[in-house]
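Student: Everything below, folded, please.
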Amino acid sequence: MVILATAPWQGSTARQPTADGAASSQPATGGSAAPATPPGGAAPKQSAPAAVAVNRPIDLTTPGKTKMPWPAKGQTAIGVVGVGNFGHSGRQVSIPTASVAKAMTAYLILKHHPMNTHSQGPVLHVSYQEARAFNHQVALGQSLVPVRSGEALTERQALQALMLASADNVAQILGRWDAGNVPAFLKMMNAEARSLGMLHTRYTDPSGYDKRTHSTAEDQMKLAAAALRLPSFQQITSQKTAVIPVAGKIKNFNALLGEPGVVGIKTGSMSAAGGCLSFAAKQKVGGRTVTIVGTVLGQRSGQIGDLHQAFVSSHNLLAAARHALKPVKIIKKGQVISGVPGSRSVLVATRNVTIPGWAGMVVQSQITASVKPGVTNGSYVGWLKVGTVGSTPLAVTNPA
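Tutor: Numbers count the residues shown, from 1 in each chain. The predicted structure is shown next:
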């Protein structure tokens, strides 16, 4: 927790911090003479006093509480990228995700084969075996688009089939195209999940048709935050319709796309998973645009796999988040941020920090500072980064 008490910062004649946050002022030099050289030998080497590092995370909080319309069933989570989470409902234990799993498949494909928002990407071809499997996949009740042996699809067209029409067969085709075979692609999916901190997620297929593919609402938010940094991912998931070879015109199953600012992400529905939706929306707060992300899993209302209820729950959560968001002054100029270990000195913020926020939010932030011996009062010594949406230089003061 940040100490909320403030100490007046008197400033100094020290120069402004450099772009990387290091202080540009030099430590004061001492006035004592160097020790005499002992007879018959060189002067002993003097090691410079070490700087004191203050590198640690802190949580910044705002007073109050924001009430969210959490659904009675399933599990949900919602937050703002770079700021923090409103919270979650339901036990965050691994449960089937259905086709929400395709978000990881799309993310990996775009990470391995980057596209700009104007390109189609490389061409892939449907194999004879993949085309022949279509009738069997139909009999299993999978979500599909028709394909033909030798059919040419651009990367963009394949991703549109995956994310709009939720094509299970195209998830398999993309996995084989990217990694050589589907099992190798699954290893990459699970490795990527671990690298993103999705500790309760396991992919057993690239489409989510396999009910053993499990995750949590909070884990899927981590994936959404990473994937939305890729412009082509957001561009594709926000499309309502597209035209692809053989299948022709396809429609996006995500009914939430009709709402202002919504840019995706992926629907999912089956008996084992219920209705599921990973969603994202842009919101302007005090002149700054932020991204709200959320996930609802296991939504049911008397029907097996009720996707409609997933849309209702997501709409309600998104509306509440939009209403709660406002500019919040999370740091005041002169506010004491941290003590300096081994001394009476403290680090203070040198400017106000206002970010998009809400009542009762917790923002994970980071102090990075280095205080050299003899540094003058008011010198810039580091930075406080507030989530990923704000920062302030830190100055050292020496209270009497």
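Student: Now for residue 331, how many residues are close by?
Tutor: 24 (other CB atoms under 10 Å). For glycine as for every other residue, the C-beta is placed from the backbone atoms N, C-alpha and C.
Student: wait, doesn't it sit right on residue 387?
Tutor: No - between residue 331 and residue 387 there is no contact under CB atoms under 8 Å: 11.5 Å.
Student: Disregarding residues adjacent in the polypeptide, which is nearest to the residue nearest in space to the middle of the chain?
Tutor: In the chain, the residue lying closest to the centroid (CA atoms, centre = their mean) is residue 225, at 2.9 Å. Excluding the flanking residues, the one nearest residue 225 by CB to CB, 6 or more residues apart in numbering is residue 81, at 4.7 Å.
Student: which residues touch that neighbour?
Tutor: 225, 228, 290, 291, 292, 293, 388 (CB atoms under 8 Å, 6 or more residues apart in numbering).
Student: Greatest separation within the residues you listed: which pair is it?
Tutor: Spatial extent of the contacts of residue 81 (CB to CB) is set by the pair 292 and 388 at 14.8 Å.
Student: Tell me which of these two has more neighbours.
Tutor: More crowded of residue 292 and residue 388, by other CB under 10 Å: residue 292, with 25 against 15.
Student: what does the helix or strand in which the residue nearest to the centre of the chain is found rub up against?
Tutor: Secondary structure from DSSP states H and E places residue 225 in helix 217-227. Residues from elsewhere that reach helix 217-227 (CB under 8 Å, 6+ apart): 75-79, 81-82, 85, 88, 90, 92, 97, 100, 103-104, 106-107, 110, 193, 196-201, 233, 265, 278, 280, 291, 293-297.
Student: if you set the cut-off to 6 Å instead, what comes out?
Tutor: By CB atoms under 6 Å, 6 or more residues apart in numbering, the residues outside helix 217-227 that reach it are 75-77, 81, 88, 92, 103-104, 107, 196-198, 200-201, 233, 265, 278, 280, 293, 295, 297.
Student: And the pLDDT for the closest residue to residue 298 other than its chain neighbours?
Tutor: Nearest residue to residue 298 in three dimensions, chain neighbours excluded: residue 74, at 3.1 Å (CB to CB, 6+ apart). In this model, residue 74 is scored at 95, pLDDT.
Student: what does residue 369 give?
Tutor: 97.
Student: did I read that right, residue 72 in a strand?
Tutor: No - remark: residue 72 does not belong to a strand; assigned using DSSP: H, G, I helix; E, B strand; the rest coil, it is coil.
Student: heads up, I number from 14, so please use that
Tutor: In the new count, where the first residue is 14, that last one comes out as residue 85.
Student: how many neighbours does it have?
Tutor: 9.
Student: who touches the lengthiest helix in the chain?
Tutor: Assignment by DSSP state H gives helix 320-337 as the longest helix of the chain. In this structure, residues lying in contact with helix 320-337 by CB under 6 Å, 6+ apart are 79, 81-82, 84, 91, 268-269, 282, 288-290, 292, 294, 296, 305, 307, 309, 312, 314, 371.
Student: Mind giving me the ChimeraX command for buried ones among the residues you listed?
Tutor: Buried residues within the contacts of helix 320-337, by 16 or more other CB atoms under 10 Å, are selected in ChimeraX with:
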select :79,81,84,91,268,269,282,288,289,290,292,294,296,305,307,309,312,371
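Student: Take the contacts of helix 320-337 and keep only those in strands.
Tutor: 91, 282, 288, 289, 290, 292, 294, 296, 305, 307, 309, 312 (DSSP state E).
Student: Just the closest of those to residue 169, please.
Tutor: Distances from residue 169 to those, taken by CB to CB, are shortest for residue 292, at 21.9 Å.
Student: Next up, phi/psi of residue 206, please.
Tutor: Dihedral pair for residue 206: phi -60, psi -40, per degrees, to the nearest 10.
Student: Measure how buried residue 379 is and give me the count.
Tutor: Using other CB under 10 Å, residue 379 has 15 other residues around it.
Student: Identify the residue nearest it in space, chain neighbours excluded?
Tutor: Among residues not flanking residue 379 along the chain, residue 398 sits closest, at 4.8 Å (CB to CB, 6+ apart).
Student: Please identify the helix or strand for the one you found.
Tutor: strand 393-399.
Student: and residue 212, what does it touch?
Tutor: If you count contacts by CB under 6 Å, 6+ apart, residue 212 has none.
Student: And the one 5 residues further on, by the same measure?
Tutor: Contacts were defined as CB under 6 Å, 6+ apart; by that measure residue 217 touches 223, 225, 226.
Student: Going through those residues, which ones are buried?
Tutor: The neighbour-count test (16+ other CB under 10 Å) marks 223, 226 as buried among the contacts of residue 217.
Student: what pLDDT does residue 210 get?
Tutor: Residue 210 is assigned a pLDDT of 98 by the prediction.
Student: Checking it next. Helix, strand or coil?
Tutor: coil.
Student: Give the burial count for it, as a bare number.
Tutor: Residue 210: 13 neighbours (other CB under 10 Å).
Student: what about it, distance to residue 231?
Tutor: Distance of residue 210 to residue 231, computed by CB to CB, to the nearest Å: 10 Å.
Student: same question, residue 277
Tutor: Where residue 231 is concerned, residue 277 sits at a distance of 18 Å (CB to CB).
Student: can I assume residue 289 is in contact with residue 308?
Tutor: No - using CB atoms under 6 Å, residue 289 is not in contact with residue 308; the gap is 7.6 Å.
Student: Run through the helices of this protein in chain order.
Tutor: Listed in chain order, the helices of the chain (DSSP H) span 115-125, 141-145, 147-152, 168-176, 181-192, 195-208, 230-240, 244-250, 320-337.
Student: Include distance to residue 354 when you put these into TSV, please.
Tutor: Converted to TSV, these look like this (distance: least, CB to CB, whole Å):
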stretch	distance to residue 354
helix 115-125	40
helix 141-145	61
helix 147-152	62
helix 168-176	50
helix 181-192	48
helix 195-208	32
helix 230-240	32
helix 244-250	43
helix 320-337	37
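Student: out of these, nearest to residue 161?
Tutor: Among the helices of the chain, the nearest to residue 161 by CB to CB is helix 141-145 (5.5 Å).
Student: In that closest one, which of the residues would be classed as buried?
Tutor: Across helix 141-145, burial judged by 16+ other CB under 10 Å covers 143, 144.
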